[in-house]
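# what's the 3D shape of this:
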Amino acid sequence: MSGCSVTPGCGRWAAARLLAAVCALAVSCRGASAAEPDEAFRKHVEPVLEEFCIRCHSGPEAKGKVDYDRAGRAGDHELWQKSLRMLRAGMMPPKGKPRPTAEEVAGVTEWVKGTVFKIDPANPDSRRSRS
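Prediction:
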């Protein structure tokens with residue numbers, strides 16, 4: 001028999017501890033899934049990075065201060081904004097280097113807009129303030 005049956009209010013503390021443990025578990029699981037690349041990233045972004053970007057933009061010698069190794073996937077808004085701007089303008093990869101197809105650029109663009117910047121394609125102005 002546990003000590004709870006004789007201690008007044010013990011059930012409340014046990015419930016509070018259980019709730020705290022469940023919340024901690026939920027937060028840790030959420031953090032783990034946020035760190036893992038989502039399916040769209042694996043399908044549309046990772047192949048483009050691997051084929052066209054990582055060679056020059058990773059590690060301590062990353063060119064242009066763009067390091068996809070340090071990128072927290074969707075967490076680094078500045079990195080993804082710069083990447084998207086350079087990719088869509090045709091400035092990266094540089095001239096003379098192989099470039100992603102229009103379809104590959106579209107896949108990266110959709111992922112960045114939807115996952116990084118949380119833009120809803122059905123309501124693209126949803127992040128703008130309405131004053």
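# any low-confidence regions in this structure?
Residue ranges of the chain with pLDDT under 70: 1-37, 71-73, 126-131.
# walk me through the domains of it.
Taking automatic domain parsing as the domain assignment, the record places the domains of the chain at 7-35, 39-116.
# from Gly96, how far out is Leu79?
In this structure, Leu79 and Gly96 are 24 Å apart, going by C-beta to C-beta, to the nearest Å. (Each C-beta comes from the backbone N, C-alpha and C, glycine too.)
# so what's His77 closest to, chain neighbours aside?
For His77, ignoring the flanking residues on the chain, the nearest one in space by C-beta to C-beta, 6 or more residues apart in numbering is Val116 at 6.1 Å.
# what's near enough to touch that neighbour?
Ala74, His77, Trp80 (C-beta atoms under 8 Å, 6 or more residues apart in numbering).
# convert the C-alpha atoms of stretch 42-51 to PDB, please.
Presented in PDB, the C-alpha positions along stretch 42-51 are these (Å, rounded to 0.1, in the frame of the first residue of the first chain):
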ATOM      1  CA  ARG A  42      13.300  15.400 -47.500                       C
ATOM      2  CA  LYS A  43      11.500  15.300 -50.900                       C
ATOM      3  CA  HIS A  44      12.000  18.900 -52.200                       C
ATOM      4  CA  VAL A  45      14.800  20.700 -50.300                       C
ATOM      5  CA  GLU A  46      17.400  18.200 -49.200                       C
ATOM      6  CA  PRO A  47      18.100  16.800 -52.700                       C
ATOM      7  CA  VAL A  48      18.600  20.400 -54.000                       C
ATOM      8  CA  LEU A  49      20.900  21.300 -51.100                       C
ATOM      9  CA  GLU A  50      22.900  18.100 -51.600                       C
ATOM     10  CA  GLU A  51      23.300  18.500 -55.400                       C
END
